[in-house]
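Chemist: would you be able to build a 3D model of this:
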Amino acid sequence: MSSSKTALPDNDTVAQVFKALETETTALLEPLDLSFLTDYPVFAPDSRGRTRIHEPPELLKGVLHCFYRDIYGLRPMERELRNEDVWRQCGFEQPPSRWTLDRFITDFALVAEEVFIELVHELAEQVPVPHKSASPNWR
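Modeler: Coordinates of the predicted model:
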């Protein structure tokens, strides 16, 4: 059996399923509570009173989605996040600009290690780790 989508009948339902699967990373990121990002001073509101259009949790989801898809440059990331399914599932009300992504990545670099440590702890609480005695095939 072929895994190619060209082997499937050409209809709207099949197209919708593949369109949804293209954004599989959002399902991986959904259980994560990224609201703690706003507690970092690097993401504090602008001192000049400028408000953020996009919040750090949504931006991190968008950047992680791009990294998952091997997209690393600002222009390609901006293009990927213009996909309406992607930007909506990441929580954006509109796609972020290249400048917004650049500012976020620059700020995030200052706290990345701390954020990932926090995420590992959060995931460790959510995912049960099997005990050696629970599985006879555990090695």
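Chemist: which stretches of the protein aren't confidently modelled?
Modeler: The model of the chain has pLDDT under 70 over residues 1-28, 49-50, 128-139.
Chemist: now the helices for it?
Modeler: Secondary structure of the chain, counting by DSSP state H: helices at 12-21, 24-29, 56-68, 74-80, 84-89, 98-109, 112-126.
Chemist: out of these, nearest to residue 47?
Modeler: For residue 47, the closest of the helices of the chain is helix 98-109, at 13.8 Å, according to Cβ to Cβ. No exception for glycine: its C-beta is placed from N, CA and C like everyone else's.
Chemist: count the neighbours of residue 67 for me.
Modeler: 12 (other Cβ atoms under 10 Å).
Chemist: same question, residue 103
Modeler: Neighbours of residue 103 (other Cβ under 10 Å): 15.
Chemist: so residue 63 touches residue 76, yeah?
Modeler: No - applying Cβ atoms under 8 Å as the test, residue 63 and residue 76 come out as separate, 12.0 Å apart.
Chemist: show me which of these two is the more surrounded one.
Modeler: The residue with more neighbours, out of residue 63 and residue 76, is residue 63; 20 against 14, by other Cβ under 10 Å.
Chemist: the more buried one and residue 110, how far apart?
Modeler: In this view, residue 63 and residue 110 are 14 Å apart by Cβ to Cβ, to the nearest Å.
Chemist: distance of residue 66 from residue 127?
Modeler: Distance of residue 66 to residue 127, given as Cβ to Cβ: 24 Å.
Chemist: tell me which of those two has more neighbours.
Modeler: Counting neighbours by other Cβ under 10 Å for residue 66 and for residue 127 shows that residue 66 has the greater number, 23 against 8.
Chemist: does the more buried one really touch residue 77, like I thought?
Modeler: Yes - using Cβ under 8 Å, residue 66 is in contact with residue 77, at 4.5 Å.
Chemist: so residue 60 makes contact with residue 35?
Modeler: No - taking contacts as Cβ under 8 Å, residue 60 lies outside contact range of residue 35: 10.9 Å.
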